[in-house]
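Asks: the following comprises the amino acid sequence and a computationally predicted model.
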Amino acid sequence: MTGPPPPHLTCRPRHALDAAGGRPYPGRVPILDPDGMIHAEPLPGWSGRFFHSQHMTFAHYDLAADATPLHTHHHEQEEVWTIVEGRLAITIDGEETELAAGDVAIVPPDTPHSVRVLSACRAIITDHPRREQIPGLHART
């Protein structure tokens with residue numbers, strides 16, 4: 001990351017050692033302040049917090065049991081769904097799979113996918129490369 005960190009990141013000294021030679025990492029590490037995350041509800045029942053790293057986009061969702069299903073769509077990014085708690089069904093390229101806490105689904109780039117919530121759920125979604133447009137916010141700006 002070059003230049004000052006985005007306003008929602010703070011920097012702390014690095015205390016870890018690099019794997020190559022046990023040397024301390026140079027510089028400072030960006031640490032996320034959750035209060036600085038973008039908050040949005042792209043669909044009814046999809047309460048999300050969003051942020052970007054240099055190359056990825058992250059979404060932390062709290063999903064209501066009666067959340068609106070996420071329509072079938074695709075995008076250029078590879079997308080990883082990590083289920084923290086609860087259950088949902090994800091359909092990737094026409095194949096539906098139920099996921100529960102601890103499960104991970106990987107959606108390849110440009111692959112149609114959709115989601116329906118089966119119980120109140122918490123999930124972390126990671127996109128690579130970075131998605132400049134946060135899902136659902138285009139209609140709000």
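Replies: Everything's here; your move.
Asks: what's the span of stretch 65-74 from first residue to last?
Replies: Using C-alpha to C-alpha, to the nearest Å, one end of stretch 65-74 lies 24 Å from the other.
Asks: and the pLDDT for the residue lying closest to Ala120 once chain neighbours are set aside?
Replies: Spatial nearest neighbour of Ala120, chain neighbours left out: Ala65 (4.6 Å); criterion: C-beta to C-beta, 6 or more residues apart in numbering. The C-beta positions use only the backbone N, C-alpha and C, and glycine is treated the same way. According to the prediction, Ala65 has pLDDT 98.
Asks: over to the one 10 residues further on?
Replies: Model confidence at His75, given as pLDDT, is 95.
Asks: would it count as being in a strand?
Replies: No. Counting by DSSP: H, G, I helix; E, B strand; the rest coil, His75 is not found in a strand; it is coil.
Asks: in three-state terms, label the residue nearest to Ala120 for me.
Replies: Judged by three-state DSSP, the three-state class of Ala65 is coil.
Asks: domain parsing of this structure, as residue ranges.
Replies: The record's domain split for the chain, according to automatic domain parsing, is 1-36, 38-140.
Asks: can you list the low-confidence ranges for this protein?
Replies: Where the chain drops to pLDDT under 70, the residues are 1-29, 136, 138-141.
Asks: ok, 50 please
Replies: Scanning the chain for pLDDT under 50 picks out the ranges 1-3, 5, 8-23, 25, 139-141.
Asks: follow-up on the earlier one: can I get the domains of the chain in JSON lines including mean neighbour count?
Replies: Compiled in JSON lines, these are given as follows (neighbours: other C-beta atoms under 10 Å):
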{"stretch": "domain 1-36", "mean neighbour count": "10"}
{"stretch": "domain 38-140", "mean neighbour count": "16"}
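Asks: so what's the residue nearest to Ala120 up against?
Replies: Listed by C-beta atoms under 8 Å, 6 or more residues apart in numbering, the contact set of Ala65 reads 45, 117, 119-120.
Asks: repeat that for Pro135.
Replies: Neighbour list for Pro135: 42, 48, 59 [criterion: C-beta under 8 Å, 6+ apart].
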